[in-house]
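S.K.: below is the structure, and that's it, no one-letter string:
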Ligand SMILES: Nc1ncnc2c1ncn2[C@@H]1O[C@H](COP(=O)(O)OP(=O)(O)OP(=O)(O)O)[C@@H](O)[C@H]1O
Ligand SMILES: [Mg+2]
């Protein structure tokens with residue numbers, strides 16, 4: 001093309017006019033070029049020269065597949081805002097999807113996610129959804145002591161088109177904090193029922209209803225996780241001060257850069273970063289990764305484990321410890337606004353530890 005190349009043009013068209021489907025044609029047909037075209041938003045690709053029939057078939061097939069998507073995505077949402085008592089005010093801008101991601105398991109993603117969610121809701125006054133897309137081994141239900149009466153698999157049984165009110169029916173309220181939760185499947189084998197389209201649609205509809213949608217993920221780079229990252233306005237990548245975690249984090253940042261993720265939407269959260277016991281410092285991590293660490297969460301093993309075992313995020317009760325202050329700061333970074341702790345309300349403790357322990361092994365009937 002004379003003025004700009006096809007990939008740049010595709011990027012501009014798909015970001016300015018998301019309902020337009022682009023089919024890119026080029027004499028270049030190497031894998032790298034095709035990958036860039038798809039990343040820019042092209043729906044299909046034809047290598048020149050091509051026949052009239054090939055062109056017509058491609059247009060028809062893209063039209064057909066996008067038509068189905070459009071039916072799902074442009075489902076009537078009228079009335080959504082006034083549909084429930086908890087809906088966001090009409091005319092407010094869409095909410096933000098904030099995803100917690102890590103390349104290594106056990107670094108504290110879910111702990112950070114839930115305490116950030118509680119902070120945003122309880123002290124920031126925001127309307128917050130938590131979505132557990134750690135589809136095989138999601139821990140949100142147990143860490144919030146929620147009865148998993150419904151989850152993402154029950155949502156999938158709803159016939160399309162979905163509206164945001166349909167999705168709201170599957171959110172479980174967490175009364176102590178005000179957050180609302182879409183739970184992961186109850187068993188790992190149900191995880192594969194969830195497809196990329198379901199992820200995209202659910203997050204898009206939740207943005208109509210909540211200020212912040214905090215998404216938990218598994219520590220893998222598959223289509224499911226990439227679709228969550230694509231739909232996110234902010235990505236909080238969590239790591240710890242261990243060499244292996246930092247090595248994985250470097251690989252993760254490189255991969256996200258190769259996939260053209262905007263570096264401004266990626267923030268590093270260093271969990272268990274204080275005190276420094278392993279010889280690697282916060283500064284070492286920053287200079288090794290060549291990226292600023294946005295939040296530093298101190299190590300507080302006893303508080304964190306107790307919170308998990310009680311099913312009560314520590315931010316429900318604590319606003320003054322160093323750990324709590326780090327979450328108030330993280331909430332300010334995420335919102336760009338001041339978040340001040342008000343009078344800490346005493347949270348209702350969950351059931352006794354023994355009851356919670358027994359309930360894990362009593363089995364849940366549904367999906
Ligand atoms: N700041 C912290 N200080 C001390 N311990 C912590 C801290 N954050 C998390 N932990 C502990 O680390 C363990 C793992 O936490 P969590 O389940 O949140 O990690 P995760 O990354 O979500 O794990 P998974 O990959 O299994 O989903 C828990 O025992 C938790 O109590
Ligand atoms: Mg987790």
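M.R.: All right, it came through fine. Given the structure is predicted, the values throughout are model-derived calculations rather than measurements. Ligands and ions are numbered 1, 2, ... in the order given.
S.K.: which regions of the stretch 1-150 of the chain sit below the pLDDT cut-off?
M.R.: 18, 31, 35, 65-92 (pLDDT under 70).
S.K.: residue of it closest to ligand 2, please.
M.R.: In the stretch 1-150 of the chain, no residue comes nearer to ligand 2 than residue 110, which is 3.3 Å away by C-beta to the ion. In short, each C-beta sits where N, CA and C put it, glycine included.
S.K.: surely that residue and residue 216 touch.
M.R.: Yes: at 5.6 Å, residue 110 counts as touching residue 216 under the criterion of C-beta atoms under 8 Å.
S.K.: overlap in contacts of those two?
M.R.: The contact sets of residue 110 and residue 216 overlap at 100, 134, 139, 140 (C-beta atoms under 8 Å, 6 or more residues apart in numbering).
S.K.: most neighbours, which of those residues?
M.R.: Comparing these by number of neighbours (other C-beta atoms under 10 Å), residue 100 comes first, having 28 neighbours.
S.K.: strands of the stretch 101-250 of the chain, start to end?
M.R.: With DSSP state E, counting those that start in this stretch as the criterion, the stretch 101-250 of the chain has strands at 128-133, 172-173, 180-182, 212-217, 234-239.
S.K.: with distance to residue 148 and mean neighbour count added, can I get those in JSON lines?
M.R.: Output for the strands of the stretch 101-250 of the chain, formatted as JSON lines (distance: least, C-beta to C-beta, whole Å; neighbours: other C-beta atoms under 10 Å):
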{"stretch": "strand 128-133", "distance to residue 148": "10", "mean neighbour count": "27"}
{"stretch": "strand 172-173", "distance to residue 148": "8", "mean neighbour count": "16"}
{"stretch": "strand 180-182", "distance to residue 148": "9", "mean neighbour count": "25"}
{"stretch": "strand 212-217", "distance to residue 148": "15", "mean neighbour count": "27"}
{"stretch": "strand 234-239", "distance to residue 148": "24", "mean neighbour count": "24"}
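S.K.: could you export those as JSON lines, including distance to residue 204?
M.R.: Shown next, in JSON lines, are the strands of the stretch 101-250 of the chain (distance: least, C-beta to C-beta, whole Å):
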{"stretch": "strand 128-133", "distance to residue 204": "12"}
{"stretch": "strand 172-173", "distance to residue 204": "20"}
{"stretch": "strand 180-182", "distance to residue 204": "13"}
{"stretch": "strand 212-217", "distance to residue 204": "10"}
{"stretch": "strand 234-239", "distance to residue 204": "16"}
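S.K.: got JSON lines for those strands, with distance to ligand 1 too?
M.R.: Listed next are these as JSON lines, based on distance: least, C-beta to the nearest ligand atom, whole Å:
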{"stretch": "strand 128-133", "distance to ligand 1": "10"}
{"stretch": "strand 172-173", "distance to ligand 1": "19"}
{"stretch": "strand 180-182", "distance to ligand 1": "15"}
{"stretch": "strand 212-217", "distance to ligand 1": "7"}
{"stretch": "strand 234-239", "distance to ligand 1": "7"}
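S.K.: tell me which of those strands sits nearest to ligand 2.
M.R.: strand 212-217 (6.0 Å).
S.K.: so in that sheet, which strands flank the closest one, and in what orientation?
M.R.: Here strand 212-217 has these sheet partners by DSSP bridges: strand 96-101 (parallel), strand 128-133 (parallel).
S.K.: kindly reformat those strands as JSON lines containing distance to residue 190.
M.R.: Converted to JSON lines, the strands paired with strand 212-217 look like this (distance: least, C-beta to C-beta, whole Å):
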{"stretch": "strand 96-101", "distance to residue 190": "21"}
{"stretch": "strand 128-133", "distance to residue 190": "13"}
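S.K.: ok so residue 46 is a strand residue?
M.R.: Yes: when classified by DSSP: H, G, I helix; E, B strand; the rest coil, residue 46 is found to be part of a strand.
S.K.: anything in stretch 248-259 near ligand 1?
M.R.: No: applying C-beta under 6 Å from any ligand atom, one finds stretch 248-259 separated from ligand 1 by no less than 11.9 Å.
S.K.: report the buried residues of that stretch.
M.R.: Of the residues in stretch 248-259, 248, 249, 250, 252, 253, 256 count as buried by neighbour count, 16 or more other C-beta atoms under 10 Å.
S.K.: from those, which is closest to ligand 1?
M.R.: Nearest to ligand 1 among the buried residues of stretch 248-259 is residue 248, at 11.9 Å by C-beta to the nearest ligand atom.
S.K.: is it true that the closest one touches residue 106?
M.R.: No: counting by C-beta under 8 Å, residue 248 does not reach residue 106; the two are 11.8 Å apart.
S.K.: residue 62 sits in which helix or strand?
M.R.: Assessed by DSSP states H and E, residue 62 sits inside helix 52-73.
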